[in-house]
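In: Here is the input, now give the coordinates:
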Amino acid sequence: MDSPAPLALSSSPRVRLALSVVGVAALLGAVAWYVNSPAALPTSKEAVVASTPAGTPVHVGVFGAGADFDRSLTMSGVRVRVVSDVPVEVEPLLCRHGSFRVTTDPLAFCEEVLDSEDVEFGAGDTVALRVSGTEPGTVRIEPVRLAFAEGLQRGVRTAGASSQVTLLAR
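Out: Numbers count the residues shown, from 1 in each chain. Model (predicted):
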């Protein structure tokens, strides 16, 4: 009497190819998710409130990285959403090694004031907004959204506090 042949599974080249494609796709998906998912940045519910005579620019510090901020970001831009009842200009800036909430002279608090694009941001730095307008009115600015790279990761994240600036009549 013949004994039955052992049961054997054979895999075809198509099955191996399909499994390889699924494995590579899963790996690429995980890498893409990691690269596009940097950690959130600190935010604050307390708004920065300022007032200035119309025609006099005011600077508001909306996102400061204290000494305990252990990240190094390469900022590629700052997105600002402004709601105003008068025409205004809002310019995002970087206060290098300094911090303030409201001032008309940021150089009194910062080693230097730089454009906010293509700069390194780390502990001791502050993202500030220069707000100027020639007519009296109210300006509301939502928390900024920073476009940045951190190592291999890239992203746009909300950071800091909202602000409200009142432009006063002279």
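In: So F63 sits against L41, correct?
Out: Yes: if you go by CB atoms under 8 Å, F63 and L41 touch, sitting 7.4 Å apart. Placement of C-beta: from N, CA and C, glycine included.
In: Find the residues that touch each one of those two.
Out: The contact sets of F63 and L41 overlap at L146, A159, G160 (CB atoms under 8 Å, 6 or more residues apart in numbering).
In: Redo the residues you listed as TSV? Include distance to S72, secondary structure and neighbour count.
Out: As requested, the shared contacts of F63 and L41 are arranged in TSV below (distance: CB to CB, whole Å; DSSP: H, G, I helix; E, B strand; the rest coil; neighbours: other CB atoms under 10 Å):
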residue	distance to S72	secondary structure	neighbour count
L146	13	strand	24
A159	15	strand	23
G160	17	strand	26
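In: for the protein, which spans come out with low pLDDT?
Out: The chain contains residues with pLDDT under 70 at 1-3, 5-11.
In: Nearest residue to the middle of it?
Out: L146 (2.1 Å; CA atoms, centre = their mean).
In: wait, isn't that residue in contact with V156?
Out: Yes: contact criterion CB under 8 Å: L146 and V156 qualify, at 6.8 Å.
In: what bridges to P92?
Out: L129 (DSSP bridges).
In: Distance-wise, check it relative to P4.
Out: Here the criterion is CB to CB, to the nearest Å. By it, P92 lies 77 Å from P4.
In: Of these two, give the one with the bigger neighbour count.
Out: P92 (20 against 5; other CB atoms under 10 Å).
In: my read: the more buried one touches V144, true?
Out: Yes: proximity of P92 to V144 meets the contact threshold set by CB under 8 Å, at 6.7 Å.
In: who touches both of these two?
Out: Going by CB under 8 Å, 6+ apart, residues that sit against P92 and also against V144 are V78, V80, V127, L129.
In: farthest pair in those?
Out: Greatest spacing in these, by CB to CB: V80 and V127 (10.0 Å).
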